[in-house]
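Undergrad: give me a model of this one.
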Amino acid sequence: MRKVGEGRLTLVGLWCMAVGYALLAHVGPVIPLLVATVVSSFGNALMRPCLTSLITLIAKKEEQGVILGVTLSLSSIASILAAPLAGFLIDHAWLSAWAWTAAGFSAAALIARAFGSARVPHEIHRA
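TA: Prediction:
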């Protein structure tokens, strides 16, 4: 992670998530479904630990515990709320709507991360 950096890995992870979810909206047979799932899961696996690392780099030492606690709580709440919503959409044959929604959120996060005010300078190094 040190050579590439958390910021770049977060961008790659969000890009993989957006592409994987967009592919998921168009799958039918099992093999394309597996490819789309692997791409989006890979992106999620890249993005989550990097995001936590970026938060610890940006937050003040005395605020890190609170900020990480709130971040992980919001992530848990999102996972809890997303599961029944995704299940409802999939049950009603709206898999593509679920996939496009996930792709849209991932793409919006990618754009915000790449061009937004939350950019992290590349000069941040661990002590």
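
Undergrad: going along the chain from the helix or strand harbouring Ser40, find the next helix or strand for me.
TA: Assigned by DSSP states H and E, Ser40 falls within helix 30-58. Sequence order places helix 64-91 as the next helix or strand after helix 30-58, per DSSP H and E.

Undergrad: any idea how far that following helix is from the chain center?
TA: Relative to the centre of its chain, helix 64-91 is centred 12 Å away, using C-alpha atoms, centre = their mean, to the nearest Å.

Undergrad: name the helices or strands packed onto that helix?
TA: If you count contacts as 3 or more C-beta pairs under 8 Å, 6 or more residues apart in numbering; DSSP states H and E, helix 64-91 packs onto helix 30-58, helix 95-115. All C-beta spots, glycine's among them, are computed from the backbone N, C-alpha and C.

Undergrad: between helix 95-115 and the longest one, find me the angle.
TA: In this structure, helix 30-58 runs at an angle of 30 degrees to helix 95-115, with axes from the mean of the first three to the mean of the last three C-alpha atoms, to 10 degrees as the basis.

Undergrad: helix 30-58 vs helix 64-91, what angle?
TA: Taking the same axes, to 10 degrees, one finds that helix 30-58 is oriented at 160 degrees with respect to helix 64-91.
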